[in-house]
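Engineer: Sequence unavailable; structure follows:
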């Protein structure tokens, strides 16, 4: 069985602060895929990034960066210099190989960025 | 391209009523999924389909039925709605390529009284 844990239920930061959202996963698959989605207050789900299990290279996209560590089964997401528009619920998700690409989601982390 | 669309956006039902949620995608994707989102629980998979005419159960299938008669459409049915089915329902589609992302519809907010 697969499992994704996002232990941080809610985080509040002041604009321009850096914030890291944690994601820990469990899977028996040797090949698997990790994702982050953003759900803004409007409710839609926005894809942010995917990472496969054999590529541990970290990725940076503007103010966003992702740290994938197989040794600790973690795929953490950092927002640098947060902005009010970053306020949303962020979901980490996992899919294994040969599972019809079904996603197992974490429970999400609500990020509130205030002025 | 409209992507993934869901009909209706909102619905209020009484206990015991039935309804069908429609999901449509115009990306020629093979796979389609229905999830429900409840507070504090993330998204959970209800049913999914890996192609026209096929369906399979997900994590929380009880009380729901699905059909995929056309590749572009995936219907979710509630035969006898219960208050426990009050939720936000998301449909998603996927092109079948390993590791590719799912594309989500805007969601349907369902309230069962």
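Structural biologist: In hand now; what should we look at? Note that the coordinates shown come from a computational prediction; the quantities given were computed from them, not determined experimentally.

Engineer: can you give me phi and psi for the one residue sitting closest to the centre of chain B?
Structural biologist: Geometric centre of chain B, nearest residue: residue B:34, 2.9 Å, by C-alpha atoms, centre = their mean. Backbone torsions for residue B:34, taken as degrees, to the nearest 10, come to phi -120, psi 130.

Engineer: likewise residue B:3?
Structural biologist: According to degrees, to the nearest 10, residue B:3 has phi 80, psi -120.

Engineer: Report the contact partners of it.
Structural biologist: B:25-27, B:103, B:105 (C-beta atoms under 8 Å, 6 or more residues apart in numbering or on different chains). All C-beta atoms are positioned from the backbone trio N, CA, C, and that covers glycine.

Engineer: Scan those residues and report the most crowded one.
Structural biologist: residue B:105 (28 neighbours; other C-beta atoms under 10 Å in any protein chain shown).

Engineer: Look up how far residue A:64 lies from that one.
Structural biologist: 24 Å (C-beta to C-beta, to the nearest Å).

Engineer: So for whatever helix or strand residue B:110 lives in, what gets flagged as buried?
Structural biologist: Using DSSP states H and E, residue B:110 maps to strand B:108-112. By 16 or more other C-beta atoms under 10 Å in any protein chain shown, the buried positions in strand B:108-112 come out as B:108, B:110, B:112.

Engineer: what about residue A:2, how many residues close to it?
Structural biologist: Under the neighbour criterion other C-beta under 10 Å, residue A:2 is assigned a count of 17.

Engineer: isn't it right up against residue A:92?
Structural biologist: No - contact criterion C-beta atoms under 8 Å: residue A:2 and residue A:92 do not qualify, at 11.9 Å.

Engineer: which residues do those two both contact?
Structural biologist: residue A:25.

Engineer: Against which helices or strands is the lowest-mean-pLDDT helix or strand in chain A packed?
Structural biologist: None of the helices or strands of chain A scores lower by mean pLDDT, DSSP states H and E than strand A:59-61, at a mean of 88. If contacts are counted by 3 or more C-beta pairs under 8 Å, 6 or more residues apart in numbering or on different chains; DSSP states H and E, strand A:59-61 sits against strand A:46-52, strand A:64-69.

Engineer: Name the residues of chain A found near chain B, please.
Structural biologist: A:4, A:6, A:9, A:31, A:33, A:35, A:37, A:43-45, A:47, A:50, A:52, A:91, A:93, A:95, A:97, A:100-108 (C-beta under 8 Å from any C-beta of the partner chain).

Engineer: do that again at 6 Å, thanks
Structural biologist: Proximity of chain A to chain B, by C-beta under 6 Å from any C-beta of the partner chain, involves residues A:33, A:43-45, A:47, A:50, A:52, A:100-102, A:105-108.

Engineer: got those residues as TSV, with neighbour count, pLDDT and secondary structure columns?
Structural biologist: Below are the residues of chain A next to chain B laid out as TSV (neighbours: other C-beta atoms under 10 Å in any protein chain shown; pLDDT from 0 to 100; DSSP: H, G, I helix; E, B strand; the rest coil):
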residue	neighbour count	pLDDT	secondary structure
A:33	21	94	strand
A:43	14	94	coil
A:44	13	95	coil
A:45	24	96	coil
A:47	15	94	strand
A:50	17	92	strand
A:52	14	91	strand
A:100	19	87	coil
A:101	24	88	coil
A:102	22	92	coil
A:105	21	97	strand
A:106	24	97	coil
A:107	19	97	coil
A:108	25	97	coil
